[in-house]
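In: Got a predicted model here, sequence first, then my questions.
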Amino acid sequence: MKAVLGPTNTGKTHLAIERLCAHSSGMIGFPLRLLAREVYDRVRAIKGDSRVALITGEERIEPKDARWLLCTMEAMPVGADLSFVGIDEAQLSADRERGHVFTDRLLHARGRDETMILGSATLDPMVRALVPEAEIIGRPRFSTLSHAGARKLSRIPPRSAIVAFSAEQVYAIAEMLRRFRGGAAVVMGALSPMTRNAQVELYQSGQVDYLVATDAIGMGLNLDVTHVAFAGLSKFDGVRQRRLTTAEMAQIAGRAGRHQRDGTFGTLAGGHHNSEFTDEEVHAIEEHRFPPLTRLFWREAEPRFDSLETLISDLEAPPERPELALAPEAIDLAVLKRLAEDPEARGGVAGKAAVARFWQVCSLPDFRQQGVETHSRFVARLWQDLRHGQLGADDVAQAIAALDNVSGDIDTLQGRIAATRSWAYIAQRPDWVLARDEMAARARGVEARLSDALHARLTERFVNRRTSVLMKKVGPDAGLLDVALDGEAVLVEGEPLGALRGFRFQVDPLARHADRKLLLAAAERHLPALLNQRAKTLAAAIADRSAALALDKDAIAWEGAPLARLARGRTALTPQLALDPALETLAPPVRQELARAIESWVDAMLAPLASLRRLELASTAHDAGPDLRALLIRLVERGGMLERARSGVDGLGKGQRTALARLGVRVGTLDLFLPEMLRPAAIRAWRARNALPGPGGHRMTSLAPAPDAMPPVVAIAGKHACPPGYRRLGKQGLRIDLAEKLLRDVHAVRLAAGRRPFALNPGKAISMGLATASYAQLLRQGGFQAIVPRPLPEGAHGPAAPLAWRWRPPPRQAEPERPASPRPQGAFAALAELIR
C-alpha cells in the first residue's frame, strides 16, 4: 500500500491513472462526479469502451466485461475483488459533511495487489496511525506559488481566477468583469457537471480571460490559471461564518500555476480588513506547511437494521479510536431522524429489509440544497411510493418531463437541474424504478438540455464576446486576431465590430457608450490592411467597369458612400479629382492606384461631353467676338441646348454663324442644339455632372450602360421639369431634333402651297408617339395658325371642309372669335377639337 501525499500540482492523479492502467483490473474513487467522468473518458480512450465503467450516484455506465471502474466515493463497490484501488483527495476525511465516507474508504477499500491513497501532506500523521502498513511517498509541487498582494479588480491580470464564497458575490464580480474586461466564466458548486465543464471550456479556450468561482475551483479542475485572487477569506461552512484554514487557502491558491509554470495568489483590494492574508498564512501557503490533521470524521459504515432506533443508535455511536471523531449529523441522518419521529412516514417500517430500504431512501442526496425540512418532505413522498414496490415508469417519466423546460433565468434553471439530478439518482437504483435504463437515459437527456441552457444564460449575462476579443489588442498576440469583412460588417474573431461605409468605419450602433472608444481603437489597429485590400479590389473593379460608381454634381460615390469630389479645374468640364479624407488612411501606393482608376472613370464618364468641351474651348478665343463667346458659354451651361428666341443667334454676323456651324451647333426653328448631346450617354453624363432630375423627377446618378438612343417622346408628369434634350408639349416632351424635323416638313408643305392655307397629315407625328394635342402645340410654337372650317349653311348637307393651316411668323396677331362650327370629320377630328 502506498500513500502519495503532497500539495496541488504534483501529478498525483496522473500517477494513479498510470498505476490503474498497469493492472489487470482496478478502481479509483473520486470526490466529484465531474472528476470521475473526466478520468473515465481518459481511461476509456486507453482501454476501450467495453472494458471501462463509470459508477456515480446519478450515472452508471457498466459494460458487462468492465474491469476498470471510475467512481464517486459514495458509489465505490468497496467489496469488489480488484487488483488496484485508488482513493483520491483522501484528506477530505476531515470534511464535516462527507468526511466519514472518505474515512471508511481509507480504512476498508483495498486492492488485491496495490492500494494507493492520494491526498494532502496534512494527512500524513493520520495515515501513519490508521494505516501503518502504508508507504508514505511525498510529492513536491512542480511550480512555485508566490504571494502577489492585493489588487483592484481592474488590475487583475488576464488568465486569473477570482474566488468568492457566495453566489451573489460571484455574480457581482462577473458583472463588473463583463463591463471592462469582456466577461468571465462562472464556476459554482451548484452548477451541474456539464454546465461546469462548458464554463471551464469557455475559459480554457481563451474566449474569456477570467474565471469567477466559489471554492468549488479548489478541487477537480485542471485550469491554465496564472493568478488566483480571493474576494474574501471567510465562508459559511453550514454551521457558522469562519475564516478559511491555511490548508483550504492553499487548496484554492494552488490552482494557480500548472506543471512547470509558476503561479501567484492574492486578494482583491478594497475589501474588509480581515480579507488580507497574514504573514503566517502567506508563508504557510508558499512553503506548503500546514498544521497536520489530528482526527478524521467517522460514522459506522455497517449499521444494524433491526429497527429504526437501532439504526440511529449505530449511526450516532462514537468511534473507538482516538484518531477518529464522530461525524457531525449529515443530512441523511437528519432526514432519518426526522421521519422516524413521524408515525405516518415510519408506518410499516418493520424488519431488517424494510429498515435497510428506508435508510437507502433517506440517503438520497439533497441536490437542491434546500435543507432538512424540505428534503425530508420529498423523501417522505418518495418512501410512500416505494414502500410497497417500485415506481411506475409513467410516473417517473411524467416527473422528469415536468422539468424539461429550458426557459427561465439562471436560478430557475439551476433549480430544475438539481431536481433532475435527484430523479437521475432515483432512476439509477435497480430496485426503485421500472424501466430503469430508459428512465435514467431520459433524466440524463433533460439534464443535458438544461445544462446547455444554463451555460447559455451564464454566457449571455456575464460574457461580452466583442469586448473580450478586443481586449486582446493590448497583448502581444493582437496581430493574430482574425479580422474579416462580411459584406460591410467588420468582424473580429467572428464578433461584430462595426461597419465600413465605403472607406469610413462606423461603430456598431448597438455598442454601449463605454465600448465606443475601445471599438474605435481596435478599428484603428486592425482596419488598415482591410482598407488597403478593399481599395485594390475597387481599383480593379473600376478598371473592368464592374464597380457601381455614381456622380452627383461634383461628388463621386461608391455604394452610397463618398469616394471623391470633382473640384473645378481650368474649365468646368476639365475638373480636378480630390479624394475623400477617409482614403488618407490608405498606403500611398494603394491610394495613388485608386486615384488613377477613379480619374480614368471620370474621363470615360465625361467622354460623351466632348462636343461641349469644344464649345468651352472656343468660348475662350478672343477673335470669336463677345456675342458669340457669350452664346457659346450659355450653350455650355445649358448642356448644348438653348431656345433660339432667347439665344441672340439672330444678332450674329455671317462669319460668326459659320463658326457656330463648324462647332457642330445646329440652328433650328425653335432651338439651338448639339446633336452629339442628344445621345443617351451624353444626356446621362450631363445630368449626373449637374445633378439634374431625370424623367419622372428622379435623380439619375448611376452610370450604368445607356440605351442606344433616346426615346422620341417622353411623358412629363404634373409640374416636373422637362428632361434635357426635349421640348415640352403639354404632358409630353418631344426630342428637340425630331421637333425640328417635323417643323421642317411643315415648312416644306407651306412653301409648296404659297400663300394659300394648307392641310397637314399628322401621321408622322403620331408614329413617333406624339399626341395630336401635342403636335398642335408644336405647330403653334413654330408660328403656325389653324384655320377652323366655317359651319355649313342651315339645311345644307355634306362633310365639312378639312382643317387648314397658315404661316403667321411671330409676333402673331390674336385671331378674332369665330362662331361655333360643326365638328370636322375624319382623321383631323381630334386635332380640330383640341385647337378649338
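Out: That came in fine, so what should we check first?
In: shaky segments in the stretch 501-650 of the chain?
Out: Along the stretch 501-650 of the chain, segments meeting pLDDT under 70 span 510-526, 553, 572.
In: Tell me where it has helices.
Out: Ranges of helices in the stretch 501-650 of the chain, per DSSP state H, counting those that start in this stretch, are 513-543, 588-606, 610-618, 626-637.
In: Relative to the whole chain's centre, how far out is the last one?
Out: Offset of helix 626-637 from its chain centre (Cα atoms, centre = their mean, to the nearest Å): 61 Å.
In: now do stretch 589-599
Out: Worked out by Cα atoms, centre = their mean, stretch 589-599 lies 35 Å from the chain centre.
In: Same check on stretch 423-440?
Out: The mean C-alpha position of stretch 423-440 is separated from the chain mean by 41 Å, Cα atoms, centre = their mean.
In: Stretch 385-395 too?
Out: Averaged over its C-alpha atoms, stretch 385-395 has a centre that lies 48 Å from its chain's centre (Cα atoms, centre = their mean).
In: okay, how far is it across it, tip to tip?
Out: 10 Å (Cα to Cα, to the nearest Å).
In: Mind checking the pLDDT average for it?
Out: Average pLDDT, stretch 385-395: 87.
In: likewise stretch 439-453?
Out: 93.
In: Please identify the buried residues of that stretch?
Out: The neighbour-count check on stretch 439-453 (16 or more other Cβ atoms under 10 Å) flags 439, 440, 442, 443, 444, 446, 447, 449, 450, 451, 453 as buried. Every C-beta, even on glycine, is put in place using the N, C-alpha and C of the backbone.
In: what's near enough to touch the fourth one?
Out: When you say that, I think you mean residue 443. 58, 400, 420, 423, 424, 427 (Cβ atoms under 8 Å, 6 or more residues apart in numbering).
In: how near is it to residue 118?
Out: 31 Å (Cβ to Cβ, to the nearest Å).
In: Just the C-alpha atoms of stretch 732-752, please, in CSV.
Out: The C-alpha coordinates for stretch 732-752 follow below in CSV (Å, rounded to 0.1, in the frame of the first residue of the first chain):
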residue,chain,number,x,y,z
GLN,A,732,-45.3,65.2,-73.4
GLY,A,733,-41.8,66.0,-74.3
LEU,A,734,-40.5,65.7,-77.9
ARG,A,735,-36.9,65.3,-78.6
ILE,A,736,-35.7,68.7,-80.0
ASP,A,737,-34.1,67.3,-83.1
LEU,A,738,-37.3,65.5,-84.0
ALA,A,739,-39.3,68.6,-83.3
GLU,A,740,-37.1,70.4,-85.7
LYS,A,741,-37.6,67.7,-88.3
LEU,A,742,-41.4,67.9,-88.0
LEU,A,743,-41.3,71.7,-88.4
ARG,A,744,-39.0,71.4,-91.5
ASP,A,745,-41.6,69.1,-93.1
VAL,A,746,-44.4,71.6,-92.3
HIS,A,747,-42.4,74.4,-93.8
ALA,A,748,-41.9,72.3,-97.0
VAL,A,749,-45.6,71.9,-97.3
ARG,A,750,-46.1,75.7,-96.7
LEU,A,751,-43.7,76.7,-99.4
ALA,A,752,-45.4,74.4,-101.8
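In: which among the contacts of residue 443 end up buried?
Out: 58, 400, 420, 423, 424, 427.
In: Take those and lay them out in CSV including pLDDT.
Out: Formatted as CSV, the buried ones among the contacts of residue 443 follow (pLDDT from 0 to 100):
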residue, pLDDT
58, 86
400, 94
420, 94
423, 94
424, 93
427, 92
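In: Of the residues you listed, which belong to helices?
Out: Among those, the residues falling in helices (DSSP state H) are 400, 420, 423, 424, 427.
In: wait, isn't residue 311 in contact with residue 336?
Out: Yes. With contacts counted by Cβ atoms under 8 Å, residue 311 reaches residue 336, the gap being 7.2 Å.
In: what's the burial count for the spatially closest residue to residue 648 that is not a sequence neighbour?
Out: In space, not counting the residues next to it along the chain, residue 648 is nearest to residue 631; the distance is 6.0 Å by Cβ to Cβ, 6 or more residues apart in numbering. With neighbours defined by other Cβ atoms under 10 Å, the count for residue 631 comes to 24.
In: For residue 309, which residues are in contact?
Out: Contacts of residue 309 (Cβ under 8 Å, 6+ apart): residue 340.
In: can you give me phi and psi for it?
Out: Phi and psi for residue 309, reported as degrees, to the nearest 10, are phi -70, psi -40.
In: So it versus residue 316, what's the distance?
Out: Counting by Cβ to Cβ, the gap from residue 309 to residue 316 is 11 Å.
In: Is it possible to get TSV of the helices of the stretch 501-650 of the chain that adds distance to residue 167?
Out: Below are those laid out as TSV (distance: least, Cβ to Cβ, whole Å):
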stretch	distance to residue 167
helix 513-543	26
helix 588-606	54
helix 610-618	78
helix 626-637	77
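In: and which of the contacts of residue 443 is nearest to residue 599?
Out: When the contacts of residue 443 are compared for distance to residue 599 (Cβ to Cβ), residue 420 wins out at 69.8 Å.
In: Can you tell me which of the helices of the stretch 501-650 of the chain is nearest to residue 676?
Out: helix 610-618 (4.0 Å).
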